[in-house]
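[1] coordinates only, sequence not included:
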């Protein structure tokens with residue numbers, strides 16, 4: 001399957017998943033009270049973080065080695081024979097850990113809700129394992145099918161279940177059913193690679209896989225805390241469930257924007273891994289640079305939309321009561337540009353067996369927690385957003401510096417980054433510096449800013465990157 005077709009399927013998968021989660025959140029904000037929505041949002045965070053704590057890098061390992069060993073079927077089958085044990089046992093462990101996390105955070109639930117929360121965590125963990133395996137197999141059509149199943153179940157349930165009478169139990173059961181059903185396509189694909197007669201991995205291969213998995217375990221856990229919702233416990237402690245609800249609504253839009261700008265990246269990463277495994281390292285670096293130019297244009301446009309159209313996006317998605325948080329969304333929008341170094345991060349990750357990502361994320365987590373506590377205490381959810389944005393920009397800057405040190409200045413697009421950064425920052429100060437700015441004026445400013453971005457962002461040969469989008 002060609003890289004373009006893989007990217008198209010990855011894009012459809014990301015659109016399906018991000019769109020369904022966005023619509024699901026929008027429905028819940030209208031059917032639940034602010035406090036109830038805040039409680040569910042925190043339960044969702046607990047499920048995600050419980051699996052990450054228990055995953056031990058099994059998802060990262062299968063994503064890499066299923067792609068790297070794909071040309072050696074015997075080695076691939078030997079690896080999968082070991083991986084399958086962890087792919088089942090670790091989600092079960094997550095089901096226990098999520099209950100411990102709920103107890104430690106004072107999250108009160110009845111017996112049925114606790115049982116369903118644990119089942120949800122197990123099913124969600126199995127789904128995550130299988131999606132990671134499908135990514136390594138480069139079976140993006142199955143990923144799309146899995147996300148489609150998940151989307152159909154959660155949206156149907158959100159519309160039909162009597163949520164106002166059942167508390168959290170119906171929601172927990174719904175999420176468990178959706179996650180379990182969505183894991184089926186991955187289970188069907190991975191079962192085809194079963195061969196008990198394959199030779200075991202060598203001691204050196206086992207050591208390499210183990211070291212990479214442990215590094216990626218720390219990376220995945222830290223990545224979720226730094227790039228996703230690591231400051232949420234701080235927001236809950238300082239601002240309560242209502243603060244969580246308001247902040248999660250903004251983060252949902254921001255997360256949707258991240259999903260949007262990362263549409264084709266999930267297909268590029270396995271390709272980079274395959275090139276690296278075949279010792280075509282210069283070709284991998286060049287591909288990462290090319291995609292970075294394209295990603296910068298996409299991220300810049302998305303950031304400008306969040307900055308200029310935040311009030312309309314929030315009120316349309318979640319209701320007029322969330323419109324006042326548009327400045328928070330604009331702050332987060334600035335951090336969106338940090339996603340342009342995703343492929344450089346991936347190359348640094350496999351070049352160092354995960355050490356780069358692990359070390360940079362440890363430092364970033366310390367920054368996020370420190371800034372998050374201080375800023376949230378004084379500025380509310382706007383402070384939490386500022387802490388997240390500054391942390392994301394630090395991570396991106398460190399990745400750019402490390403890429404230049406390892407592969408030279410030609411591996412990144414510094415000029416394009418500077419141009420996009422100036423346009424985004426000027427747009428931010430214009431949008432938040434005027435109190436009652438007319439909507440038509442904001443639309444005009446958005447249009448002008450996008451045109452400037454399209455005119456100045458060029459590829460390594462000096463051609464406008466927007467022309468690549470038009471041609472393809």
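    Looks like it came in fine. The structure displayed is predicted, hence computed values, not measured ones. Numbering: from 1, shown residues only.
[2] Residue 462: how many residues sit nearby?
    Burial measure for residue 462: 6 neighbouring residues, criterion other C-beta atoms under 10 Å. Yep, even glycine has a C-beta here, placed from its N, CA and C like the rest.
[3] ok, now the one 4 residues further on?
    A count of nearby residues for residue 466, using other C-beta under 10 Å, gives 18.
[4] Isn't it up against residue 454?
    Yes - distance between residue 466 and residue 454: 4.3 Å, which falls inside the contact criterion (C-beta atoms under 8 Å).
[5] which residues do these two both contact?
    Listed contacts common to residue 466 and residue 454 are residue 297; contacts here mean C-beta atoms under 8 Å, 6 or more residues apart in numbering.
[6] list the contacts for residue 309?
    Taking C-beta under 8 Å, 6+ apart as the definition of contact, the neighbours of residue 309 are 442, 443, 446.
[7] Pull out the buried residues from those residues.
    When the contacts of residue 309 are checked for burial by 16 or more other C-beta atoms under 10 Å, the buried set is 442, 446.
[8] Contacts for the helix or strand where residue 359 lies, please.
    Under the criterion of DSSP states H and E, residue 359 resides in helix 355-379. Contacts made with helix 355-379 from outside it, assessed by C-beta under 8 Å, 6+ apart, are listed as 215-216, 218-219, 222-223, 225-226, 230-231, 234-235, 238-239, 345, 348-349, 382-384, 386-388, 390-391, 394-395, 398-399, 402.
[9] One more: stretch 16-26?
    Counting by C-beta under 8 Å, 6+ apart, residues outside stretch 16-26 touching it are 144, 147-148, 150-151, 154-155, 158, 248-249, 252-253, 255-256, 259-260, 317-318.
[10] ok, now with 6 Å
    Taking C-beta atoms under 6 Å, 6 or more residues apart in numbering as the criterion, the residues outside stretch 16-26 that touch it are 147, 148, 151, 154, 155, 158, 252, 256, 259, 317, 318.
[11] can I get these in CSV with secondary structure, distance to residue 330 and pLDDT?
    Supplementary listing: these in CSV, determined by DSSP: H, G, I helix; E, B strand; the rest coil; distance: C-beta to C-beta, whole Å; pLDDT from 0 to 100:
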residue, secondary structure, distance to residue 330, pLDDT
147, helix, 29, 90
148, helix, 33, 92
151, helix, 29, 92
154, helix, 29, 91
155, helix, 29, 92
158, helix, 28, 87
252, helix, 15, 81
256, helix, 15, 76
259, helix, 19, 74
317, helix, 15, 78
318, helix, 16, 80
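[12] Just put those in JSON lines and tack on neighbour count and distance to residue 471.
    JSON lines is the format used below for the contacts of stretch 16-26 (neighbours: other C-beta atoms under 10 Å; distance: C-beta to C-beta, whole Å):
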{"residue": "147", "neighbour count": "24", "distance to residue 471": "29"}
{"residue": "148", "neighbour count": "17", "distance to residue 471": "30"}
{"residue": "151", "neighbour count": "21", "distance to residue 471": "31"}
{"residue": "154", "neighbour count": "23", "distance to residue 471": "37"}
{"residue": "155", "neighbour count": "17", "distance to residue 471": "35"}
{"residue": "158", "neighbour count": "21", "distance to residue 471": "40"}
{"residue": "252", "neighbour count": "21", "distance to residue 471": "34"}
{"residue": "256", "neighbour count": "23", "distance to residue 471": "27"}
{"residue": "259", "neighbour count": "19", "distance to residue 471": "25"}
{"residue": "317", "neighbour count": "18", "distance to residue 471": "33"}
{"residue": "318", "neighbour count": "24", "distance to residue 471": "38"}
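[13] ok, so of those, who is nearest residue 305?
    residue 256 (11.1 Å; C-beta to C-beta).
[14] check contacts around the closest one.
    Residues in contact with residue 256, defined by C-beta under 6 Å, 6+ apart, are 18, 22.
[15] one more time with 10 Å
    Counting by C-beta atoms under 10 Å, 6 or more residues apart in numbering, residue 256 touches 14-15, 17-19, 21-23, 25, 302, 306, 313, 317.
[16] got it, and residue 146?
    Contacts were defined as C-beta under 10 Å, 6+ apart; by that measure residue 146 touches 13, 16-17, 127, 130-131, 134, 139, 181-187, 189.
[17] ok, back up a step: so can I have a markdown table of the contacts of residue 256 showing secondary structure?
    Supplementary listing: the contacts of residue 256 in a markdown table, determined by DSSP: H, G, I helix; E, B strand; the rest coil:
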| residue | secondary structure |
| --- | --- |
| 14 | helix |
| 15 | helix |
| 17 | helix |
| 18 | helix |
| 19 | helix |
| 21 | helix |
| 22 | helix |
| 23 | helix |
| 25 | helix |
| 302 | helix |
| 306 | helix |
| 313 | helix |
| 317 | helix |
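[18] among these, who's most crowded?
    The most crowded member of the contacts of residue 256 is residue 306, carrying 27 neighbours; neighbours defined as other C-beta under 10 Å.
[19] Find the least confident helix or strand in the chain, judged by mean pLDDT.
    Between all helices and strands in the chain, the lowest mean by mean pLDDT, DSSP states H and E belongs to helix 163-166, at a mean of 59.
[20] mind showing which ranges of the stretch 301-450 of the chain have poor pLDDT?
    When residues are selected by pLDDT under 70, those of the stretch 301-450 of the chain lie in 433-437.
[21] redo that, cut-off 50
    Nowhere does the stretch 301-450 of the chain drop to pLDDT under 50.
[22] Going toward the C-terminus from the helix holding residue 359, what's the next helix or strand?
    Following helix 355-379 in sequence order, the next helix or strand is helix 381-407 (DSSP H and E).
[23] which parts of that next one are buried?
    For helix 381-407, burial by neighbour count (16+ other C-beta under 10 Å) applies to 381-392, 394-396, 398-400, 402-403, 407.
[24] looking just at contacts, which helices and strands does it meet?
    The criterion is 3 or more C-beta pairs under 10 Å, 6 or more residues apart in numbering; DSSP states H and E, and the helices and strands that helix 381-407 contacts are helix 232-261, helix 281-318, helix 326-335, helix 342-351, helix 355-379, helix 414-433.
[25] which of those is buried the deepest?
    With neighbours taken as mean count of other C-beta atoms under 10 Å, these reach their highest mean count in helix 326-335, at a mean of 24.
[26] report the angle between the axes of that one and helix 281-318?
    Counting by axes from the mean of the first three to the mean of the last three C-alpha atoms, to 10 degrees, helix 326-335 points 170 degrees away from the direction of helix 281-318.
[27] among the helices and strands packed on helix 381-407, which is nearest residue 61?
    Among the helices and strands packed on helix 381-407, helix 342-351 comes nearest to residue 61, with 11.7 Å by C-beta to C-beta.
[28] how far does that closest one sit from the chain's center?
    When C-alpha coordinates are averaged (C-alpha atoms, centre = their mean, to the nearest Å), helix 342-351 and its chain have centres 16 Å apart.
[29] Quick one: the contacts of residue 309 as CSV, columns for secondary structure and distance to residue 376 too.
    Putting the contacts of residue 309 into CSV (DSSP: H, G, I helix; E, B strand; the rest coil; distance: C-beta to C-beta, whole Å) gives the following:
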residue, secondary structure, distance to residue 376
442, helix, 28
443, helix, 32
446, helix, 29
